[in-house]
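Trainee: Provided below are the primary sequence and the corresponding predicted coordinates.
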Amino acid sequence: CFLLRPPHSRCRRPRSLRASASLEQEVKERADSPSPSGTSSQATRRDVRNIAIVAHVDHGKTTLVDSMLRQSKVFRDNQVVQERIMDSNDLERERGITILSKNTSITYKGTKINIIDTPGHSDFGGEVERVLNMVEGILLVVDSVEGPMPQTRFVLKKALEFGHAVVVVVNKVDRPIARPEFVVNSTFELFIELNATDEQCDFQTVYAIGLKGKAGISADNLADDLGPLFEAILRCIPEPRIEKDGALQMLVTSTEYDEHKGRIAIGRLHAGELKRGMEVKVCTPDDACRIGKIGELFVYENFGRVPVESVSAGDICAVCGINDIMIGETIADKVSGTALPTIKIEEPTVRMSFSINTSPFVGKEGKFVTSRNLRDRLYRELERNLAMKVEDGETADTFLVSGRGTLHLTILIENMRREGYEFMIGPPKVINKTVNGKLLEPYEIAAIEVPEEYMGSVVELLGKRRGQMLDMEASGPEGTSLLKYKVPTRGLIGLRNAILTASRGRAILNTIFDSYGPWAGDISSRDQGSLVAFEGGSTTSYACVNAQERGILFVKPGQDIYKGQIVGIHQRPGDLALNVCKKKAATNVRSNKETTVVLDEPLSYSLDDCIEYIQEDELVEVTPESIRMSKNPKISKKKNN
């Protein structure tokens, strides 16, 4: 069923599928040819390449970067290096995903290659959009079995809009069910669908095993190192075009914070020369300018930042000394500098409310509990997270935070929790639009890979959530199918856990934002109610035994709870109030009969599970040590009245 379709009439087949000269010969020809010239002041830096590595989640970007760093002799031969070196954040290591883009560089044959590792999850697409401003080309990493996935389409579309050159890396070709030729053809068709130019469609394909550090121009003949990949980068990624004699211009695309150096601005120097200690003009997108001074100046070498006295146009650098600088601003010449075009980021699609903790346990576990603490932290997040928005809520202690998805917001919540913040969050809500009097809501494309025996259950789930099937095809020789649906974003909230339950953990769900469309109608996301404690105190075994007959409990005996806390899932629709702190009444009747109490293990849940579970009248209480769910007292009072 995987017949290779003929390529589009206006484009040639990718280089790996047609006869061509050897890569080494093409590299030599390029090195001998003169550099392209533009105006008299324009030139190219032949000793630098700037690339971003982009891919769908789990297709092997970060592992490939690890191998590139190792083979560039960044580390000593006897140095013990952990896996996924670039994922330095604790949350990145725990979840096995890249959340923040990272900068590094290697040197190959006298050429400095600046590498930016990017997130693969669609919720962090804002990170990808930002870094594409700093590079001239991308490495598009595609799994040799799965092929192009939803996030592959998103990042490729953005790169093509920037006019970037693309090198396609078919990774994990050592998998037993690898189908590299099919993957290359599918990728080529994706280029056509995204209206790529003839030059972009003529992409170079490199086959690789990122974990083992092997690459080659043919899937059947890999070299023992990544040499063919490095050669492809030098050959296919354009040299940075610079205004050598132009006025200083550097667009800030990322910021970091250091306790000693303050805020650090990161970006690519487009024109001129930047020197340590020089005075510059800092311009906002609306051309409002102020004067600043460069304190320290760094470039990226190997796996760190190296201080330098000056940076030439075309290189990526980090600047200290301008503490109020923001992403999207331009560091320009003090006399004649002007602002560069600002970074355009797609709008958020999901909103959640953040408010101070109002539970009886407030202040027992957290350091930052006031509305001022919460406000300062949320607005500080906007300084580096362009895809997020924060607005003041209806009350002084409530804030509305918008992001690209529930995972995007969950990462913020988890980071704040670990920093010592204590607060409450409401259920996620989609951000709707009204156009010409019609209500529109966001839709996403969902790709579900599921074994055939569970396909019926998954299709039924998606139907209940207003999903529209777009395509269904076999996905490899293991008896799995790939379903593609267009689903309202509302319908995706809580869908991942439901699909995992229906498929016994064997289905894989990936989503990407598609567009706004007509309101799809009501969607029921939960069929069961909650077990709610109507009395606070310490839970008892006696009460828990009786309560577990009503549903599944979240709590165990001896645990402190408060009135209104959700202590379990009701086995029927609707909420049920009960007392899990009730003690067995003492009598004056002696009994020698032995009684055995059997308690089920309480259901463990994560922050992600709680956010997907709660309904309109429920909240999640987040503290550094605990995560609890409760009924929203404000909404409960309205219902009672």
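Mentor: That came through, no problem.

Trainee: from now on I want contacts and neighbour counts done on CA atoms only, so please keep to that.
Mentor: Fine.

Trainee: ok, for Thr623, nearest residue in space, not its chain neighbours?
Mentor: Glu422 (4.5 Å; C-alpha to C-alpha, 6 or more residues apart in numbering).

Trainee: what's the distance between that neighbour and Met388?
Mentor: 20 Å (C-alpha to C-alpha, to the nearest Å).

Trainee: between these two, which is the more surrounded one?
Mentor: Glu422 (30 against 26; other C-alpha atoms under 10 Å).

Trainee: local confidence estimate at the more buried one?
Mentor: As predicted, Glu422 sits at a pLDDT of 94.

Trainee: show me the contacts for it.
Mentor: 356-357, 362-363, 365-369, 621-624 (C-alpha atoms under 8 Å, 6 or more residues apart in numbering).

Trainee: that's a helix at Glu453, yeah?
Mentor: Yes - counting by DSSP: H, G, I helix; E, B strand; the rest coil, Glu453 is located in a helix.

Trainee: so what's it up against?
Mentor: Contacts of Glu453 by C-alpha under 8 Å, 6+ apart: none found.

Trainee: again with the one 4 residues further on
Mentor: With contacts defined as C-alpha under 8 Å, 6+ apart, the neighbours of Ser457 are 502-503.

Trainee: how about the secondary structure of it?
Mentor: Ser457 is classified as helix under three-state DSSP.

Trainee: do Asp471 as well
Mentor: Looking at Asp471 with three-state DSSP, the answer is strand.

Trainee: tell me how many other residues crowd it.
Mentor: There are 11 residues near Asp471, going by other C-alpha under 10 Å.

Trainee: and the one 3 residues further on, by the same measure?
Mentor: When counting by other C-alpha under 10 Å, one arrives at 17 neighbours for Ala474.

Trainee: what strand or helix carries Glu460?
Mentor: Under the criterion of DSSP states H and E, Glu460 resides in helix 455-464.

Trainee: from Arg377, how far off is the residue nearest to Thr623?
Mentor: 12 Å.

Trainee: and what of Met388?
Mentor: Distance from Met388 to Arg377, by C-alpha to C-alpha: 13 Å.

Trainee: joint contacts of these two?
Mentor: In contact with both Met388 and Arg377: no residue, using C-alpha under 8 Å, 6+ apart.

Trainee: sorry, back to before: narrow the contacts of Glu422 to those in helices?
Mentor: Nothing among these maps onto helices, per DSSP state H.

Trainee: quick one: buried ones out of these?
Mentor: Buried subset of those (neighbour count, 16 or more other C-alpha atoms under 10 Å): 356-357, 363, 365-366, 368-369, 621-624.

Trainee: format those residues as a markdown table; extra columns: pLDDT.
Mentor: Output for the buried ones among the contacts of Glu422, formatted as a markdown table (pLDDT from 0 to 100):
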| residue | pLDDT |
| --- | --- |
| Ile356 | 93 |
| Asn357 | 92 |
| Gly363 | 88 |
| Glu365 | 88 |
| Gly366 | 87 |
| Phe368 | 91 |
| Val369 | 92 |
| Glu621 | 94 |
| Val622 | 93 |
| Thr623 | 93 |
| Pro624 | 92 |
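
Trainee: looking at the residues you listed, which are in strands?
Mentor: Taking DSSP state E as the definition of strands, these contribute 356, 621-622.

Trainee: tell me how far Arg490 lies from Glu449.
Mentor: From Arg490 to Glu449 the distance is 21 Å (C-alpha to C-alpha).

Trainee: which of those two has more neighbours?
Mentor: Arg490 (25 against 22).

Trainee: just the buried residues of stretch 197-217, please?
Mentor: 200-211, 213-217.

Trainee: just the helices from the stretch 51-200 of the chain, written as ranges.
Mentor: Counting by DSSP state H, counting those that start in this stretch, one finds helices in the stretch 51-200 of the chain at the ranges 61-71, 90-95, 125-131, 150-161, 180-193, 198-201.

Trainee: format those as TSV; extra columns: mean pLDDT.
Mentor: Below are the helices of the stretch 51-200 of the chain laid out as TSV (pLDDT from 0 to 100):
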stretch	mean pLDDT
helix 61-71	81
helix 90-95	54
helix 125-131	70
helix 150-161	81
helix 180-193	90
helix 198-201	88
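
Trainee: most packed of the ones you listed?
Mentor: Most buried of these by mean neighbour count (mean count of other C-alpha atoms under 10 Å) is helix 125-131; its value is a mean of 24.

Trainee: ranking helices and strands of the chain by mean pLDDT, which lands last?
Mentor: helix 23-32 (a mean of 44; mean pLDDT, DSSP states H and E).

Trainee: would you map out the domains in the protein?
Mentor: 15-239, 246-332, 433-518, 530-614 (automatic domain parsing).

Trainee: just to revisit the earlier point, out of the helices of the stretch 51-200 of the chain, flag the one nearest Asp617.
Mentor: Minimum separation from Asp617 across those (C-alpha to C-alpha) falls at helix 90-95, 29.3 Å.
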